Each structure stands twice: as C-alpha cells, then as structure tokens.
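Q: Predicted structure and sequence below. I'll ask about it afterward.
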Amino acid sequence: MFCVAADTRDIDEERRNQVIEKIHETAIRITKTRGVKLTEFHIINQDPPALSDEAVVNAMETATKELNLTSKLMISRAYHDSLFMARYLQEDRLKRFNLAENIIQWIALI
C-alpha cells in the first residue's frame with residue numbers, strides 16, 4: 001500500500017476544482033489499468049481563493065515606493081498572508097487602525 005498526496009492551489013476556484021476532479025478521475029483510471037484498488041481519495045481542505053483588498057495593496061505599494069524599494073504583485077496561496085489576511089484586513093480596518101500611515105514603519109522594520 002502507498003499514499004500519494006497532491007497540493008492543488010489556484011486563485012480561480014472553478015479551475016482548481018476541475019484540476020482536483022481530473023486528478024481523481026486519473027487515479028481511478030490508473031487503478032483499472034494497473035489492476036490495483038484505490039482505497040481512499042479525500043480532500044483535506046479546500047478553502048476558497050481570496051484577493052487582498054485593493055486599499056491594502058495600494059498602501060503596500062505606496063510604502064515601498066516611499067522607501068525606494070521595488071515591489072512585484074504576485075499570486076500567493078500561503079494561508080498566513082493571502083487567505084486569512086485578505087479576509088481580515090480590509091479597507092475599513094485599514095482606515096480604522098490608521099494602518100495606511102503606519103505601514104511604512106512596518107516595512108522599514110523588515
């Protein structure tokens with residue numbers, strides 16, 4: 001017996017789900033051609049994609065320019081920085097906690 005794991009991520013939820021379905025279909029097809037049994041196929045987690053709030057992205061870009069740093073917008077699916085923070089840090093919170101002005105200080109500490 002052996003185990004195969006696949007970490008499938010995409011910012012397009014429908015495309016990601018299609019890829020997962022193709023992986024499952026392929027696993028089933030392989031079992032038939034090889035004469036083996038697929039005992040399990042399960043998804044550990046399947047969180048929806050998240051985009052960072054535009055105001056947060058703009059504040060970060062402004063801060064990097066003011067510090068004469070370069071920046072590049074990139075897709076990230078790391079849970080700690082894009083998924084959960086995108087849900088929590090939105091424009092209203094950015095303004096409420098005055099983070100737009102303090103973000104330069106945060107980046108300067110890095």
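A: Sure thing, it's come through.
Q: Would you indicate which residues of the longest helix along the chain are buried?
A: In the chain, ranked by residue count with DSSP state H as the criterion, the top helix is helix 13-34. Using 16 or more other Cβ atoms under 10 Å as the test for burial, helix 13-34 gives 16, 20. Just so you know, the C-beta spots here come from the backbone N, C-alpha and C atoms, and that holds for glycine as well.
Q: Number of residues surrounding T64?
A: 16 (other Cβ atoms under 10 Å).
Q: got it, and the one 10 residues further on?
A: Residue neighbour count, defined by other Cβ under 10 Å, stands at 6 for M74.
Q: what helix or strand does it sit in?
A: Using DSSP states H and E, M74 falls within no helix or strand.
Q: On the pLDDT front, check it for me.
A: M74 is assigned 76 on the pLDDT scale.
Q: Tell me the buried residues in stretch 48-59?
A: 49-50, 52-53, 55-56, 59.
Q: Out of these, name the ones that lie in strands.
A: Among those, none falls in strands (DSSP state E).
Q: what residue ranges in the chain score low on pLDDT?
A: 1, 76-110 (pLDDT under 70).
Q: And the helices in it, which stretches?
A: All helices of the chain, identified by DSSP H, fall at 13-34, 54-66, 84-88, 91-96, 99-109.
Q: what residues are up against K65?
A: Residues near K65 by Cβ atoms under 8 Å, 6 or more residues apart in numbering: S71.
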